[in-house]
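*Asks:* Predicted model, plus sequence, below.
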Amino acid sequence: MRKNKSIFVTFEGIEGSGKSYQAKILYRKIKKNNIPVILTREPGGSPSAEKIRDLILKDYFHPEIKEKFNKYTDTLLYLAARNEHIEQTIKPSLTKRQNIICDRFTDSTTAYQVYGKGVNKNLINSIHKHILKDILPDFTFVLTVKISKAMKRLNKRKKKNRYDKFTKTFYSNVQKAFISIANKNKKKYFIIDNSDDSKDVEKVIYSKFNEILKKK
């Protein structure tokens, strides 16, 4: 079924959309079929990038101190983590012709930092021009969810980072951004509602992945 070229697939969506879970399910199914594949994530995905992840996702200042990273400091740390991820994990994996499933990538930066926090898009685009080169996903699954459902899922989490603690309005705006990004390139994006915890979602995703794989 595989041809010579590997494929790079990303999963995007707000917290509580189930994207991480679905990425893991797809990875296990592919692995079971003896197809070369890795599962990675952002921020993180390499030892150095994981260190940056710890810094930007955990409560990096004492709870009683109101000081937080400036939004541009925050964004630059995400981009630094991405550069390490690309250099240490993504490029070597593609060279080995391994398929890649990544939990978040560049669309999360656009949705959260640009649309959610108001960071200048030109700054991000300029840095991406230097660190991405030709490294772009072949296909992206965007998982949407009813905001009320997402909040219920987040409330059940035992371990939370600061991105699990935004308002309904913030998550709603970010989700709209993901949908807008996907609608601009429907050939490379697939939007699927994951509000109902249905097994059909993983079946549809696996079917779509196989469809993409056969075209390579």
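*Replies:* Thanks, I have it.
*Asks:* which residues touch residue 23?
*Replies:* 11, 39, 41, 101-103 (C-beta atoms under 8 Å, 6 or more residues apart in numbering). For glycine as for every other residue, the C-beta is placed from the backbone atoms N, C-alpha and C.
*Asks:* Could you tell me which of the residues you listed are located in strands?
*Replies:* Judged by DSSP state E, these include 11, 39, 41, 101-103 as members of strands.
*Asks:* for these, which one is nearest residue 94?
*Replies:* residue 102 (11.7 Å; C-beta to C-beta).
*Asks:* quick one: residue 136 is in a strand?
*Replies:* No: applying DSSP: H, G, I helix; E, B strand; the rest coil, one finds residue 136 to be coil, outside a strand.
*Asks:* if I pick it, what's in contact with it?
*Replies:* Residue 136 neighbours (C-beta under 8 Å, 6+ apart): 8, 106.
*Asks:* what pLDDT does it get?
*Replies:* pLDDT for residue 136: 95.
*Asks:* show me where pLDDT drops low in the protein?
*Replies:* 1-4, 59-65 (pLDDT under 70).
*Asks:* Mind doing that once more with 90?
*Replies:* The chain contains residues with pLDDT under 90 at 1-6, 55-70, 155-166, 197-198, 212-216.
*Asks:* what's stretch 72-82 in contact with?
*Replies:* Contacts for stretch 72-82 (C-beta under 8 Å, 6+ apart): 42-44, 49, 52-53, 55-56, 69, 105-106, 109, 113, 117, 119, 123-124, 127-128, 131.
*Asks:* how about the helices of this protein, start to end?
*Replies:* All helices of the chain, identified by DSSP state H, fall at 19-32, 47-57, 71-85, 91-95, 106-108, 121-131, 147-156, 168-183, 199-215.
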